[in-house]
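Visitor: One predicted model, sequence on top.
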Amino acid sequence: MVAAVRGRIVPGLDGDGQRGVVTASLSNDNSMLALALEESVDYYPRSRLFFKGKGRINPLPNLRHSAPCTALKREPFAVDTMKPIDLNTPGNYAEALAKAAMTEEPHALAMWLAGEDEGAVEGPFGKWYLYFAERLMDMAPNPAEGFASQPTQSVAAPTIGRNDLCPCGSGKKFKKCHIGNEGAAAWRLGSPTQEIKMEAVARLIHMMPMEALESVPVEKCSSMVRTEILNVFHAAGRLEEATTMLKTVLEGKRSDPNLLYDYWIARYAEWLVELDRAKEAESFLMDEYDNPNKVKQWQVAQKLAAFYIDQGDPDSAETWIETSLEGDEENPFTHYLKGLMYHTLSQYEPAVEAYEQAIRYGDRFRKQEQEYMVRLVEEALLLAKEQKPLDGEDEGA
């Protein structure tokens with residue numbers, strides 16, 4: 001029926017406002033609930049961990065400068081050879097931690113850090129590449145422990161001889177550069193921030209083979225880690241397992257400040273419908289409305305409205321749309337749902353009015369989704385003005 005923005009957003013840990021590894025994607029989806037759940041996601045530049053301004057960091061204070069790291073600013077997934085990885089970019093640091101968790105040999109990781117330049121690893125800065133590799137492996141998330149990590153300083157930094165090249169990258173000998181003034185240009189690998197750690201875990205989970213992921217002790221995992229794992233299961237078509245794991249997250253304490261629980265409430269209901277358990281989904285949403293926990297009632301009402309549109313029950317949908325608008329009367333997505341409800345009933349005039357309201361409040365769509373959502377509403381508005389059914393609907397069906 002409509003194109004829906006799907007997926008969970010993680011914060012822009014790349015220093016330039018880009019999204020992290022687990023990004024949204026566009027797909028065709030007939031589920032109003034699937035689209036409604038996206039209203040839960042903050043599309044600020046993953047993280048949304050992850051949302052409402054959290055996760056934005058200034059990368060430079062989190063990693064002290066070093067010669068192997070500062071040669072080139074790079075995008076998180078760039079793999080250009082002969083160019084060292086810049087660990088001052090938090091996305092690169094997270095990727096490096098994830099790779100370290102899957103690497104047994106420090107030299108292999110050192111080669112990756114050096115841009116696959118064997119000469120660099122064997123050259124005067126080789127000991128620094130190896131030091132960074134060993135430190136990363138020391139701090140990497142451990143799947144056997146629920147992806148927890150215990151950063152230690154067990155790896156000693158290399159000693160610097162007077163006639164060695166200065167690790168600051170100047171090209172001068174140490175004795176003619178920073179000797180006696182090491183504090184002015186520190187080059188030790190700083191500990192990752194919590195946001196970088198969580199980004200590393202997310203990347204690692206999506207890198208792991210399925211059989212390895214299946215052996216992870218889920219009972220040791222945080223709620224955030226479980227949502228990453230269940231996303232992988234869902235993408236692999238293992239809907240029942242993903243739904244069961246999500247149920248354990250929602251039945252828990254809901255104490256993780258980085259999780260948008262109304263997003264996961266909507267997704268759980270959506271997956272129940274996919275499993276032909278619509279009655280259970282309805283009961284679940286009703287219970288969430290009656291006993292809100294880390295969500296607002298109007299948000300759950302919005303999900304109920306989407307659910308009933310999906311189920312072909314416009315009367316119930318209208319009730320919950322009005323309930324949602326009582327909580328936030330200028331919410332553009334709820335007005336869009338109202339337009340869809342009238343549109344499916346071929347009541348074009350009120351549909352046009354609702355769509356126009358959604359466009360009027362369109363600046364309240366989150367910045368990263370605004371253009372897409374306004375375009376989506378405008379397309380529906382045009383169809384309503386021409387008294388045509390929504391795309392994908394067949395009047396003879």
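Guide: Ah, there it is. Just so it is clear, the model here is predicted, and its values are computed rather than measured. Numbering: from 1, shown residues only.
Visitor: what's the neighbour count on residue 210?
Guide: A total of 10 residues lie near residue 210 under the criterion other C-beta atoms under 10 Å. Where C-beta positions appear, they are placed from N, C-alpha and C, glycine not excepted.
Visitor: any idea of the pLDDT on it?
Guide: Listed pLDDT for residue 210 reads 96.
Visitor: For it, which non-adjacent residue is closest in space?
Guide: Nearest non-adjacent residue to residue 210, counting by C-beta to C-beta, 6 or more residues apart in numbering: residue 236, 6.5 Å away.
Visitor: How much space separates that neighbour from residue 206?
Guide: 11 Å (C-beta to C-beta, to the nearest Å).
Visitor: So between those two, which is more surrounded?
Guide: Under the neighbour definition other C-beta under 10 Å, residue 236 and residue 206 were set side by side, and residue 206 has more, 16 against 12.
Visitor: helix, strand or coil for residue 279?
Guide: Put simply, residue 279 is helix when judged by DSSP: H, G, I helix; E, B strand; the rest coil.
Visitor: contacting residues around it?
Guide: The contact partners of residue 279, taken as C-beta atoms under 8 Å, 6 or more residues apart in numbering, number zero.
Visitor: Need the per-residue pLDDT for it.
Guide: The model reports residue 279 with a pLDDT of 97.
Visitor: Quick check: it vs residue 307, distance?
Guide: For residue 279 relative to residue 307 (C-beta to C-beta), the value is 11 Å.
Visitor: What count of nearby residues applies to the closest residue to residue 278 other than its chain neighbours?
Guide: Of all residues not flanking residue 278 in the chain, residue 311 sits nearest, at 6.4 Å (C-beta to C-beta, 6+ apart). Using other C-beta under 10 Å, residue 311 has 16 other residues around it.
Visitor: in the stretch 251-397 of the chain, which ranges drop under the pLDDT threshold?
Guide: For the stretch 251-397 of the chain, the stretches flagged by pLDDT under 70 are 392-397.
Visitor: Now do the helices in it.
Guide: Applying DSSP state H, counting those that start in this stretch to the stretch 251-397 of the chain gives helices spanning 261-274, 278-290, 297-310, 314-327, 332-344, 348-360, 367-385.
Visitor: Which one of those helices lies nearest to residue 129?
Guide: Residue 129 lies closest, by C-beta to C-beta, to one member of those: helix 367-385, at 36.4 Å.
Visitor: Please, which helix or strand holds residue 234?
Guide: helix 223-235 (DSSP states H and E).
Visitor: got the buried residues for that helix?
Guide: Neighbour-count burial for helix 223-235, with 16 or more other C-beta atoms under 10 Å as criterion, is recorded at 223-234.
Visitor: same check, this time on stretch 270-277
Guide: Residues 270-274 are the ones in stretch 270-277 that count as buried (16+ other C-beta under 10 Å).
Visitor: I'd like to know which of the residues you listed is nearest to residue 200.
Guide: residue 271 (27.1 Å).
Visitor: Name the nearest residue to that closest one, ignoring sequence neighbours.
Guide: Distances taken as C-beta to C-beta, 6+ apart place residue 243 nearest to residue 271, at 4.5 Å, with adjacent residues excluded.
Visitor: Surely the one you found is in contact with residue 268?
Guide: Yes - with contact defined as C-beta atoms under 8 Å, residue 243 counts as touching residue 268 (6.8 Å).
Visitor: Between the two, which is the more surrounded one?
Guide: Neighbour comparison, residue 243 and residue 268: the larger count goes to residue 268, with 23 against 20 (by other C-beta under 10 Å).
Visitor: Noted, bye for now.
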